[in-house]
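Asks: Dropping the sequence and predicted coords here.
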Amino acid sequence: MNVIISNKYTSMLNSLDIDVIKKIEGEFDADDIISQFKNFFFQRMILDITAIKNYKNIQTLQKLSISLDMDKVILLLDDTDESNSNLYLSKLISMGIYNFTKNIEGIMYLYNNPNSYRDVAHIQQLDTIGVEQPQPQSSNVIVENYNSTVHTTRIIGVKNVTKQSGATTLTYMLRNQLKQNYSVVAIEVNKSDFKYFNDKTLITTTATEIGNVIAKHNDKDVIVIDVNDSKQAEGLCTDVLYLIEPSIIKLNRLMFVDRSGSALKALKNKKVILNQSLLNSKDVLDFEYEAGFKVFYNMPPLDEREKSIHALNKLLVMLGFGKQSDEQTQEKKNKMLGLFGF
């Protein structure tokens, strides 16, 4: 369910075709909004910027960004030159506020397709904003290569949350996709399922040996690991993708085994992949609402025999690999700017 906080644009927001659990109208201090909704669970909050007292002071918005999950907030901007300036928008982005628009079409687009930093980075003016820029968290392993120059190895773990959700196959496919542009190796821990791919370059090892195996391949750009049940392997990864197959039987089996819900609670702020998923964007929003965490990526069923898979490429871009062509990037910029009224 959703929350609407409105003031100047109440009539516009009342026309939205979404389920609303709470709606308030008027002008409120940022602290009042925080106290009401900091511990209030909602799918999306549609926030009319004119409902925030002193909203032209960027520190007022900063209060909200610190206390609320801004990934769930869609900010409806007003028509003033100040709040639509590139400087103001750059400051919003620097605080992790990525979902903003000036019209109802933009609201509905962001409702179904929330932005990440990558989607709004082209708006940001890094050389003009007066607040500290958010830097992507990097836990890459820094090692020395044979030429004594600094080399960075990314270690990506893949782990099933629901039983048999495709971690081994996804590890294999990620390896195949990445090796087109990177030096990469795939490893599985504590199992021997890789043998079914008939590929001798795949590595099988144990939890006690995983550290040594990683050290042996520290000249690679990427190491992809099917961690299985190994906490040690999971702890060595710079990123871990947690796979959930969102079928009724898999989810019910998880709930039956994990009656306390601790397994799902532990996934909050993790990179959760709905794997082999046939859910649409609305289904994913419903799933997020029920599960209490945000889905990182909704992965459809894939054919491991394909050489280049668009859905897999999109996931890798979200993980920071590769980049779109200038033409594709400009096309997306123009589309977004027009849709959001800029």
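Replies: In hand now; what should we look at?

Asks: Kindly state the pLDDT recorded for the closest residue to Asn113 other than its chain neighbours?
Replies: Nearest residue to Asn113, sequence neighbours excluded (CB to CB, 6 or more residues apart in numbering): Ser281, at 6.8 Å. Every residue, glycine included, has its C-beta placed from N, CA and C. The per-residue pLDDT reported for Ser281 equals 84.

Asks: and Ser281, how many residues sit next to it?
Replies: Neighbourhood size, Ser281 [other CB atoms under 10 Å]: 12.

Asks: domains for the chain, by residue range?
Replies: Using automatic domain parsing, the domain ranges for the chain come out as 2-135+331-339, 141-302.

Asks: buried stuff in the one helix or strand Val213 maps to?
Replies: Element membership for Val213, per DSSP states H and E: helix 210-216. By neighbour count on 16 or more other CB atoms under 10 Å, the buried set for helix 210-216 is 210, 213-214.

Asks: Over to stretch 283-300?
Replies: 284-285, 287-288, 291, 293-299.

Asks: Send me that stretch as PDB with only the CA atoms.
Replies: The C-alpha trace of stretch 283-300 is given here as PDB (Å, rounded to 0.1, in the frame of the first residue of the first chain):
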ATOM      1  CA  ASP A 283       4.000  -8.400  -8.900                       C
ATOM      2  CA  VAL A 284       7.600  -7.500  -7.900                       C
ATOM      3  CA  LEU A 285       6.300  -4.400  -6.000                       C
ATOM      4  CA  ASP A 286       3.700  -6.700  -4.200                       C
ATOM      5  CA  PHE A 287       6.500  -9.100  -3.400                       C
ATOM      6  CA  GLU A 288       8.700  -6.300  -1.900                       C
ATOM      7  CA  TYR A 289       5.800  -5.200   0.200                       C
ATOM      8  CA  GLU A 290       5.100  -8.700   1.600                       C
ATOM      9  CA  ALA A 291       8.800  -9.600   2.100                       C
ATOM     10  CA  GLY A 292       9.800  -6.200   3.600                       C
ATOM     11  CA  PHE A 293      12.900  -5.600   1.400                       C
ATOM     12  CA  LYS A 294      13.800  -4.300  -2.100                       C
ATOM     13  CA  VAL A 295      14.500  -6.600  -5.000                       C
ATOM     14  CA  PHE A 296      17.800  -5.800  -6.700                       C
ATOM     15  CA  TYR A 297      16.900  -7.500 -10.000                       C
ATOM     16  CA  ASN A 298      14.000  -9.500 -11.500                       C
ATOM     17  CA  MET A 299      15.700 -12.200 -13.700                       C
ATOM     18  CA  PRO A 300      13.500 -14.100 -16.200                       C
END
